[in-house]
Each structure stands twice: as C-alpha cells, then as structure tokens.
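*Asks:* The following block contains a protein sequence and its predicted model.
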Amino acid sequence: MKFEMNLKALVLAALAGMLSLFSASASAAIYGTASVDGSKDVLYGTFLTTQTVQTQFGNETVGNLTTNEGELDALYVTNDGSNLYVLLAGNQGTNGNGIGLLFDVVSETNGVNGTIPALSGGDDYFNAGKIGGTTLPDGFNLDYAIAYKAFDFPSDGAPDWRIQTADYVSTPTTQNALGTFAMGETTNPAIDGPQGPGFIFGLNNSNTAGVEGGAGAATGDPSTVNTGSELAIPFSVIGNPVAGDVIRIVAFYANGDFDFWSNQVLPSINPPQGNLGNQPNDLSSTGVNTGFASFTVLAPPASVYDWTSFE
C-alpha cells in the first residue's frame, strides 16, 4: 500500500509539473471542437505564421461585417476527430473576393507538385488562368484545395458564401460548387453551417488593426488580430488525415474569380510586394518564395487514470 501511494504521489506530481509547463508555454494548439464564429479561441494556441507585408486589397478602418477590404494577418489551425479548423485572422471582403487554401497531407503519396494542373467544373476556380497554372512552393505536394468567397447577394439582403473544392490525389477532379449559403447576418459575427459535407463558416470583420494598406513592410502587429475568416473543414474533404499526420498549408487572398491575386499570402511574401496580379503566379523559390506552414494533426487527450484501485 505504501509503495502504491508513493507511486500515486509521484505520478500526480509529474502531471502537475507537466500542466505547469504547458500553462507557461500555452503555445501549442489543443485538440477540441472550435467555436466557428470568426474569433480565435484558446484551442488554436499560437499562430502558425503571420503577415509581413501591407495589404493592397484594402485596409479595414471601420470594422463592419460588410466591407470591400481584406487582409490575411495570421494563420491558426486546430482539429477534433472530424474536422480541421482554420482561422485566417484579418478581414475578408464581402464584395466577392475569395480565399484559397492549398493542402499537402505529407503521408499522401499521390497529388501534384510543380505546377497546379487546370481543372474544369463548378465555377472554374481551379481552371487555367485562375488557381490552375500556379507554381507551388518548393517541397509542396498539392493534394487538396479549397476556394471560398463571401459576397453580397441582393435577393436576401445579407452576404452569402460560395465554396468549391479540388482533389488532386489519383485522378485530379474538381467538385462542383457546393452552392450559395446565406450568412443571414448583417453584423459581426456571421455564422453558417453545416453545409455540403459539413463545412461551417464564421466571419468577423471587426478587425481594424494588423497590417496597414500599401505594399511595404507591415509596421502593425498582425499577431494581435484575433478575428477574421474561420472555416471548419470536414476531414473527408482532405483525405481523412489521422493523428500524427503533417499537413502543409498555403493560404492566399484573391478576387472572386481567383484570376487576380492580392499580395496577401500566408506564409508571407517578403516586402516590398504589390499585388501578385493576374495568374499564373509562382510561389516557388524562383518566384515570390512563400514556403508553407505545417500543422500536425492532434490526437484526443488520454483518458484520466482511475486511481480508486490505489485507495
């Protein structure tokens, strides 16, 4: 009994030390279901990457939900057992400008590297002269992609979402556009979903900090921005990754047809840098050399041991 009680005390002390260390760092993402409302919650931990260049797609100074301005200040990622949660802190214009997300699931041996092939279908966001034709960052093997935008839809009086996905594994295909989903809100935050296979959208455009307007080096602090465009992505859309899988990510901000790109890319382009402009664009070391962010899929926490056997 004495040995058992000493073992219990030692283990509890070790756990307390680990919790103290975790609290001190508080930097890692935490497994769990994020509240998709366009605001950073504790599960995201610290950012994967931040913006270093000012935005040429408009700097928000008011903080209304409906806006023409947009910037990508920071990228946050976490997951639960069914979804990958992505928060792009900053602003997403509701004028139809769109966000693109490129995913490289490292354990996936297919996919494409070099140049993104042109895919037709849906709204043609992934066709030639749009996302198709983009040169990928060095070492990035594209498996899946998502393009989505928010736009004012006159008939319902509020912004709507439009989303399309592409699968580059095995035989590359574009999934038809998954429809137009009404946000239903005209003030921050706007929340919608689940839609399609389970997408949930959250938008909070209250940010007036972060990077400024222009093409030079950002002087604001993008790491302080805690609101923006948030998306719950069903694992089924990105190949059903499992705990321990590494997912490489590139995010970019473009016009509604995805054929004219802003200078807002994460990981960031080195300043000074104006809008990348008309496609095709080169994200490799021979172009703007963005690199990629990396996230390791989290496992659920271990169950708490039942110490009653030691009583």
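*Replies:* Looks like it came in fine.
*Asks:* Need phi/psi at Leu43.
*Replies:* Note on Leu43: backbone dihedrals following degrees, to the nearest 10 are phi -60, psi -20.
*Asks:* who's in contact with it?
*Replies:* When contacts are counted by CB atoms under 8 Å, 6 or more residues apart in numbering, Leu43 touches Ala29, Ile30, Tyr31, Gly32, Thr33, Ala34, Thr78, Tyr85. (Glycine included, C-beta is placed from N, CA and C.)
*Asks:* repeat that for 6 Å
*Replies:* For Leu43, the contact set (CB atoms under 6 Å, 6 or more residues apart in numbering) comprises Ile30, Gly32, Ala34, Thr78.
*Asks:* got it, and Val242?
*Replies:* For Val242, no contacting residues are found, by CB under 6 Å, 6+ apart.
*Asks:* next one: Ile191
*Replies:* Taking CB under 6 Å, 6+ apart, we find Ile191 in contact with Asp37, Gly202.
*Asks:* Mind listing what's buried along whatever helix or strand it lives in?
*Replies:* With elements taken from DSSP states H and E, the one containing Ile191 is strand 190-195. The neighbour-count check on strand 190-195 (16 or more other CB atoms under 10 Å) flags Ala190, Ile191, Asp192 as buried.
*Asks:* Report all helices and strands that the following helix or strand past it contacts.
*Replies:* Toward the C-terminus, strand 190-195 is succeeded by strand 199-203 as the next helix or strand (DSSP H and E). Under the contact criterion of 3 or more CB pairs under 6 Å, 6 or more residues apart in numbering; DSSP states H and E, strand 199-203 touches strand 190-195, strand 228-234.
*Asks:* hang on, the earlier thing: for the contacts of Leu43, which one is nearest Ser206?
*Replies:* Lowest distance from Ser206 to the contacts of Leu43 (CB to CB) belongs to Ala34, with 18.0 Å.
*Asks:* Am I right that the closest one sits in a strand?
*Replies:* No - counting by DSSP: H, G, I helix; E, B strand; the rest coil, Ala34 is not part of a strand but coil.
*Asks:* Dump the helices and strands packed on strand 199-203 to JSON lines, plus mean pLDDT and distance to Phe47.
*Replies:* Conversion of those to JSON lines gives the following (pLDDT from 0 to 100; distance: least, CB to CB, whole Å):
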{"stretch": "strand 190-195", "mean pLDDT": "89", "distance to Phe47": "22"}
{"stretch": "strand 228-234", "mean pLDDT": "97", "distance to Phe47": "11"}
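*Asks:* Redo those strands as TSV? Include distance to Gly133.
*Replies:* Below are these laid out as TSV (distance: least, CB to CB, whole Å):
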stretch	distance to Gly133
strand 190-195	29
strand 228-234	24
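*Asks:* Any idea which of these gets closest to Pro172?
*Replies:* Pro172 sits nearest to strand 228-234 of all those, at 18.8 Å, using CB to CB.
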